[in-house]
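[1] Fold the following and give me the result.
(chains A, B, C and D)
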There are 2 protein chains.
Amino acid sequence: MSSATSARDRLVDAAQDLFAAQGVGPTSPRAVLAASGVGQGSLYHHFPTKHDLAVAAVGATVDDALARAMRTLDSDSPAVERLVAYLERPREALAGCKIGRLTADQAVMDDDGLHDVVTAYFVRLLRALTQIFRETDLPDDVARDRAHAALAIIQGGYVLARATRDPGALAAAVRGFVGLLDQGPQARNEPDRPSQHSTPTPKENP
Amino acid sequence: MSSATSARDRLVDAAQDLFAAQGVGPTSPRAVLAASGVGQGSLYHHFPTKHDLAVAAVGATVDDALARAMRTLDSDSPAVERLVAYLERPREALAGCKIGRLTADQAVMDDDGLHDVVTAYFVRLLRALTQIFRETDLPDDVARDRAHAALAIIQGGYVLARATRDPGALAAAVRGFVGLLDQGPQARNEPDRPSQHSTPTPKENP
DNA sequence: GTCTATAACGAGATAGAC
DNA sequence: GTCTATCTCGTTATAGAC
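    Numbering: from 1, shown residues only, chains lettered A, B, ... in the order given. Got it, this is the predicted structure:
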């Protein structure tokens, strides 16, 4: 999906990049057009309105992100390891979550079709995380609360990183949360984990 | 500042409301004009550019929010109680954090003057939260990480609430986090705390 | 200081040729 | 299917009278 060939694919591809960089609202069809290199008419042939383009592009982004997240969350490691692996995945903190950021995008929140795509992303992640906490023998309601906390750490960490212009803020939030998990009833065995700010080589999404 | 009288104050007041509802980028000077009831020329007399208006309005919002937060964080209760009181403060989860949401607003991130105001808000909160964790005899770096985690819980909780259209998502994230704090070395004494989603009467900000 | 025009530009979308 | 040209409207901002 990165170097597509059809006009339609190039449009969706360009839209995904621009939406990730600036959000849906501030991205004009014209900008997508320019970035994709196709002509005016082609855009409106494939996507009669901006809404249609947005649903296609955000949908593709959600599918990608969800697939990657599930590879970590559904691995065959022990529950706690899967969880921590997910929390500590390298992320482009300063860019923000491509999907989480859309919750502040009024163009998205006001568009039911778009919002549903965003909702589905988080509902599926919460379900997977809740299941992981259940496997650690927590009652259902506690597992659900902790799943919310874990996902909030990631989304909030992105916000803090962007607010302070410090990519280490996301890493710090994750460390703070994982530290609390580790001190619990049955602690994980972990190699010594140096603290303090710094992020090595981030790459992707929640 | 709620029912101001001068044209300038009415403009700032209207801008704060609109920024909170839709963000800075999507809010036009014209909309502020209409909401405030003043004339075109008055706006541009007091605020030559949209940037000037935004700095004034966002600055006022940050000052308000910071003052309210500090009243909770600087009270004379024990450290952990202040922390939990802050985390559990009633919040309008579906509206999102008036300030945190701005980190997804490209108009804000691209404007250094505006961004600095947002940064200052989070830096001050992180400092206060770190101090609280220090008072619980944690090493400085751990205290700092937990402060990041605590603030991320709030900001991430807002994101989850908006994404799922469920105000209970923020409350759930807070419960999940506080539950981890409670299970720690020296647990808090607390009345029985029923779990499950539901938010009674929200009101304000982080 | 505050007002009513109005200029200059970009947004979203359409028309119609190829 | 893809293109260029064009329409309409809202945005940011300025001009200049009161």
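[2] how distant is the lowest-mean-pLDDT helix or strand in chain A from the center of its chain?
    Every helix and strand of chain A was ranked by mean pLDDT, DSSP states H and E. The lowest is helix A:40-46, at a mean of 91. Chain-centre distance of helix A:40-46: 29 Å, with C-alpha atoms, centre = their mean, to the nearest Å.
[3] does any part of that helix sit near DNA strand C?
    Yes. Helix A:40-46 comes into contact with DNA strand C (C-beta under 7 Å from any atom of the strand), by way of A:40-41, A:44. Any C-beta I mention is one placed from the backbone N, CA and C, and that applies to glycine too.
[4] which among those gets closest to chain B?
    A:Tyr44 (23.4 Å; C-beta to the nearest C-beta).
[5] Count the neighbours of that closest one for me.
    Residues near A:Tyr44, counting by other C-beta atoms under 10 Å in any protein chain shown, number 15.
[6] Can you give me the distance of it to A:Leu94?
    Distance from A:Tyr44 to A:Leu94, counting by C-beta to C-beta, to the nearest Å: 34 Å.
[7] The nearest residue to A:Ser75 once chain neighbours are set aside in helix, strand or coil?
    Leaving aside its chain neighbours, A:Ser75 sits nearest to A:Arg82 (5.6 Å; criterion: C-beta to C-beta, 6 or more residues apart in numbering or on different chains). Following DSSP: H, G, I helix; E, B strand; the rest coil, we place A:Arg82 in the helix state.
[8] So what's the residue count around A:Arg82?
    A:Arg82 is flanked by 20 other residues according to other C-beta under 10 Å.
[9] And A:Ser6, by the same measure?
    A:Ser6 is flanked by 11 other residues according to other C-beta under 10 Å.
[10] Contact partners for it?
    By C-beta atoms under 8 Å, 6 or more residues apart in numbering or on different chains, no residues touch A:Ser6.
[11] Relative to chain B, how far out is it?
    Shown here: A:Ser6 relative to chain B, a distance of 29 Å by C-beta to the nearest C-beta, to the nearest Å.
[12] Then A:Ala93?
    Here A:Ala93 is placed at a distance of 11 Å from chain B (C-beta to the nearest C-beta).
[13] try A:Ala7
    Distance, A:Ala7 to chain B, by C-beta to the nearest C-beta: 27 Å.
[14] now A:Leu83
    On the measure of C-beta to the nearest C-beta, A:Leu83 and chain B end up 12 Å apart.
[15] secondary structure element for the closest residue to that residue other than its chain neighbours?
    Spatial nearest neighbour of A:Leu83, excluding adjacent residues (C-beta to C-beta, 6+ apart): A:Ile132 at 5.1 Å. In this assignment (DSSP states H and E), A:Ile132 forms part of helix A:112-134.
[16] could you say what helices and strands that helix packs with?
    helix A:50-73, helix A:79-87, helix A:106-109, helix A:140-164, helix B:140-164 (3 or more C-beta pairs under 8 Å, 6 or more residues apart in numbering or on different chains; DSSP states H and E).
[17] how about 6 Å then?
    With contacts defined as 3 or more C-beta pairs under 6 Å, 6 or more residues apart in numbering or on different chains; DSSP states H and E, the packing partners of helix A:112-134 are helix A:50-73, helix A:79-87, helix A:140-164, helix B:140-164.
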